[in-house]
Structure formats: C-alpha cells, structure tokens
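>>> Okay, sequence plus prediction incoming.
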Amino acid sequence: MLNRVLILSASAGAGHLRAAEAVEKAFSELKAADEVRNIDVLQYTNRLFHRLYSKAYIDVVNNTPALFGWLYEHYDKPWRNQRHRLAFDKLNTRPFVKMLEEYQPDIAVCTHFLPAEIISWLKEKGKIKTPQVIVVTDFDLHAFWLCRYFEHYFVALDETKVHLAELGVPSDKITVSGIPIDPVFSKRKDKKQVRRLHKLEPELPIILVSAGGFGVGPVEKIIQSLLKMKNPAQVVVICGRNKELKEKVDRAIKNIPSDSSVRFQSVGYTDQMDSYMAASDLILGKTGGLTTSEALASGLAFVVVDPIPGQEQRNADHLLEEGVAIKCNNWPVLAYKIDRLLGNPQRLGRMQLKARKLAKPSAAYDIVKKLSHL
C-alpha cells in the first residue's frame, strides 16, 4: 500500500478535474493508500497566472474556437517549444514547487500536463525524486503531454500507445487503461428502472443533450431543430451549474406546442449523470474526453455537434472511425439525421454495442491497481 499519493490537475476545463476525482475515488474504494490529496495546481500559482490559465482557455474556446484550433495545431510539435513554455510556467508555479518539496509524496498522478512538466523539470534537476505517472485525458495525444522524466503513461487507445512509442516513450512504460471516469459508470443499471426514477416514458427513445458547453444561444437551435423530428422521442437537456442556461431552456420548453411528439425535460446540476446516461439511447453534443468516455461506458451512440477544433475534433474522429457516432455539420438537418438513425434500430443497436466494446468503464480502478505494482 502507498503512503502519500498526490493527484494533480488544473482547472482549465472540467475534464481534468473529473479525471482526478475518479482516480481519487478509486483509491478510496480500493483502500490503496494511507493518504490521498487531490490538488488543483492552479491554486498554487499567482492570481494573474491562475486567472489567465483557466479563464483564457474558457474564453477562447467559447468565443473564438477557430483560434483555439489553430493554437492547438500550431503547438502540437513533439519535443519542440518545451523550453519556452516551461520557462514561463516555472516563474508562476513556485508555490506548487514548494508544496511538492515539503509534502514529498510517494507518487504523483497528473491528469493535466502543467504539473507533469514541472515535476519532470524538477526531477531532471535532481530537486525531487517523486515518481510521477501521467494520465492523458483525451483519446489523442498532444505534444503538451510529452515529458522526459516520468515513470508511466496511461492512455485511452492502442493507437495512442503506438503514437507515444513512436515518439520515443518505451512501450513498457505505457498502459492502455482508458480515460478514468467515476467508478459508478462501471456498474450496469436497468434502463427502464432509471427511466421511471427520472419520470421518463419507459418505451420512447431518449436523447441526452449535455448543454453546458454550448452556451446560451445554440441551445435554442437544438430545441427548435429537434422539434422537427418525425419520430416520437424524449429529450433530456442537462444544463449543469449554468442557471441562466437552465432558465433559457425552461422558457423555450414552455413555448413548445402541447401536441408535439418530442417531449423535453431540463435538468440543472446533477450528481446522477450516470443514471441519466443509463436511461438514454443517444447523446448529442461535444466530444470532451470525459463526457465521451462516460457515454461509451453507458453504451450510447453519439451525435457529434459542433466539436471544438483541436482535441474534441480529434476525439470525434476516433468515434466516427469506430462506428459509434454520426456527425451533424448543419443545424437544419439535425432532426433528419437523428430520425434516420432512430428509424434504423439495427444500425443504432450496432453503434451502441460498439460503444460498449470501445468503453473502459473500470479505467480508474485499473490505474490504481497498476500503480500499486509499479
């Protein structure tokens, strides 16, 4: 059993934090360490760096996604630009370095590349000896994840392992674990039972819309587009912590004609995402690494809409290649494309089966078990 485990992430997007929470929960359930600390590294930086790192990411993604895509591709140059980025990050992460030196964990588990590169630099300089493992939280590998000094990588796909190996990482230091998601997704649920729990019609198909990432405007487009569906269906719109979005969705739902064959339900923040996914047949939205992994674990076919250029687009490419997703590039045909899929239950069933085969719902458990033997 490990004594002190440090799980390190950064609040630039929610996915990295959720992966860290999944690993923390797996450590707790498996009783694999005496002490586990889960830390957002940005809490150990100066205020300006913290604000720029987290807020700038969200602003660019939401307001200028094309720019984000260009930056993503521009900096995806393996083993290049590292020194320049590291020089900037070192200046702003001194409290984090001090915490590492004082705490001296038995192992550091990084679900974001920022702490991974700082630890790699400290190990290179002989300032710490802490073993570190790196958990890549997307299906594809970006150059930012590359480090010289580490003990192990955990990745989502065999292809990602091949990519890392071609870049010089020894194959025996790479495990294809999948992306760690809350272990609750590894527990199968009865679809009709969870539908009744959420007051959903047991027999009608259910489309899950994870709306938080869309912002306020496009949600109206989604609702208006889905109202044109010919197949009767239920749509569950998850709004998360965005109260303004929840109010916007509720107003839109109130204006839907009572004779509509498509029923809508809005949900604010919920800790039952596993239950809503278990109740659903399709998920409609963007393709972040964590949401995608949760959907696969729940056996959902994916309708990809407006993925962020960069990692989400690459994740979508993998889903399309594996035959678990369709993609809609134009809002006016969204209803048509979903109708075609719902009208072909054999195809939908094959996509759902492929989703489960691609899924790795026990990734968090598998990572923790592997760490116990490193």
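Nice, thanks for sending it over.

>>> How about the contacts made by residue 100?
Shown in contact with residue 100 (CB atoms under 8 Å, 6 or more residues apart in numbering): 6, 108, 119, 122, 128, 130. Bear in mind the C-beta positions are built from the backbone N, C-alpha and C, glycine included.

>>> So it versus residue 35, what's the distance?
From residue 100 across to residue 35, the span is 15 Å (CB to CB, to the nearest Å).

>>> Pull out the buried positions in stretch 91-102.
Neighbour counts over stretch 91-102 (16 or more other CB atoms under 10 Å) mark 92-93, 96-97, 99-100 as buried.

>>> for stretch 17-29, that is, sorry about that
Quick answer for stretch 17-29 (16+ other CB under 10 Å): 17-27.

>>> Repeat that for stretch 265-273.
In stretch 265-273, counting by 16+ other CB under 10 Å, buried: 265-267, 273.

>>> Contacts made by that stretch with the rest, please.
Against stretch 265-273 from outside (CB under 8 Å, 6+ apart): 198-200, 234-241, 243, 246, 249-250, 253, 276, 294.

>>> can you tell me which of those are in helices?
243, 246, 249-250, 253, 276, 294 (DSSP state H).

>>> What is the nearest of those residues to residue 367?
Distance ranking of the ones in helices among the contacts of stretch 265-273 against residue 367, using CB to CB, places residue 294 first at 16.0 Å.

>>> Looks like the closest one contacts residue 278 (just checking).
No - taking contacts as CB atoms under 8 Å, residue 294 lies outside contact range of residue 278: 10.4 Å.

>>> neighbours around the nearest residue to residue 232 once chain neighbours are set aside, how many?
The shortest distance from residue 232 to any non-neighbouring residue, by CB to CB, 6 or more residues apart in numbering, is to residue 261 (4.4 Å). Residues within reach of residue 261, counting by other CB atoms under 10 Å, total 12.

>>> what sits against residue 261?
Here residue 261 is in contact with 229-233 (CB under 8 Å, 6+ apart).

>>> got it, and residue 72?
Residue 72 is in contact with 142, 309-311, counting by CB under 8 Å, 6+ apart.

>>> Which strand or helix spans it?
In the assignment (DSSP states H and E), residue 72 maps to helix 65-74.

>>> Give me the buried stretch members for the helix or strand that that helix is followed by, please.
Downstream of helix 65-74, the first helix or strand assigned by DSSP H and E is helix 82-92. Within helix 82-92, the residues scored as buried using 16+ other CB under 10 Å are 82, 85, 89, 92.

>>> any idea of the pLDDT on the third one?
Right, the one you point to is residue 89. Predicted confidence (pLDDT) for residue 89: 78.

>>> wait, doesn't it sit right on residue 118?
Yes - counting by CB under 8 Å, residue 118 is a contact partner of residue 89 at 6.4 Å.

>>> okay, now residue 360: neighbour count?
Residue 360 has 20 neighbours, counted by other CB under 10 Å.

>>> now residue 33
21.

>>> Can you name the residues that contact it?
Shown in contact with residue 33 (CB under 8 Å, 6+ apart): 1-5, 27, 106.

>>> And the buried ones among those, selectable in ChimeraX?
A single ChimeraX command is used to select the members of the contacts of residue 33 judged buried by 16+ other CB under 10 Å:
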select :2,4,5,27,106
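
>>> Pick the one among the contacts of residue 33 closest to residue 325.
The nearest member of the contacts of residue 33 to residue 325, counting by CB to CB, is residue 27 at 32.1 Å.

>>> Could you check the pLDDT of the closest one?
96.

>>> Number the chain from 108, please
Will do, 108 is the new start, and the previous item becomes residue 134.

>>> Hmm, it is touching residue 111, no?
No - checked against CB under 8 Å, the pair residue 134 and residue 111 is beyond contact range at 11.4 Å.

>>> what about the nearest residue to residue 127 once chain neighbours are set aside, distance to residue 130?
Nearest residue to residue 127, sequence neighbours excluded (CB to CB, 6+ apart): residue 116, at 4.0 Å. Counting by CB to CB, the gap from residue 116 to residue 130 is 9 Å.

>>> Are there residues contacting both of these two? Which ones?
residue 218.

>>> Helix or strand for the residue nearest the centre of the chain, just tell me which one.
The chain has residue 397 as the residue nearest its centroid, 2.1 Å off, counting by CA atoms, centre = their mean. For residue 397, the host element (DSSP H and E) is helix 396-404.

>>> on contacts alone, who are the packing partners of that helix?
helix 122-137, helix 380-386, strand 389-392, helix 418-429, helix 452-465 (3 or more CB pairs under 8 Å, 6 or more residues apart in numbering; DSSP states H and E).

>>> Can you lay out those as JSON lines showing distance to residue 255?
Formatted as JSON lines, the helices and strands packed on helix 396-404 follow (distance: least, CB to CB, whole Å):
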{"stretch": "helix 122-137", "distance to residue 255": "21"}
{"stretch": "helix 380-386", "distance to residue 255": "37"}
{"stretch": "strand 389-392", "distance to residue 255": "36"}
{"stretch": "helix 418-429", "distance to residue 255": "23"}
{"stretch": "helix 452-465", "distance to residue 255": "31"}
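
>>> ok so, going back, for ChimeraX, write the select line for the buried members of the contacts of stretch 372-380.
Buried residues among those (16+ other CB under 10 Å), as a ChimeraX selection:
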select :305,307,341,342,343,344,345,346,347,353,356,383,401
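
>>> which ones are touching the residue lying farthest from the centre of the chain?
Centroid-distance maximum for the chain: residue 366 at 36.7 Å, with CA atoms, centre = their mean. Listed by CB under 8 Å, 6+ apart, residue 366 has no contact partners.

>>> Can I get the helix or strand of the chain with the lowest mean pLDDT in CSV? Just the C-alpha atoms.
Least confident helix or strand, the chain: helix 189-199 with a mean of 74, by mean pLDDT, DSSP states H and E. Output of helix 189-199 as CSV, limited to C-alpha atoms (Å, rounded to 0.1, in the frame of the first residue of the first chain):
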residue,chain,number,x,y,z
GLN,A,189,9.0,22.9,-24.4
ARG,A,190,11.8,25.1,-23.0
HIS,A,191,9.9,28.4,-23.8
ARG,A,192,6.7,27.1,-22.2
LEU,A,193,8.5,25.7,-19.2
ALA,A,194,10.3,29.0,-18.6
PHE,A,195,7.0,30.8,-18.3
ASP,A,196,5.3,28.2,-16.2
LYS,A,197,8.3,27.9,-13.8
LEU,A,198,8.0,31.6,-13.0
ASN,A,199,4.4,31.2,-11.9
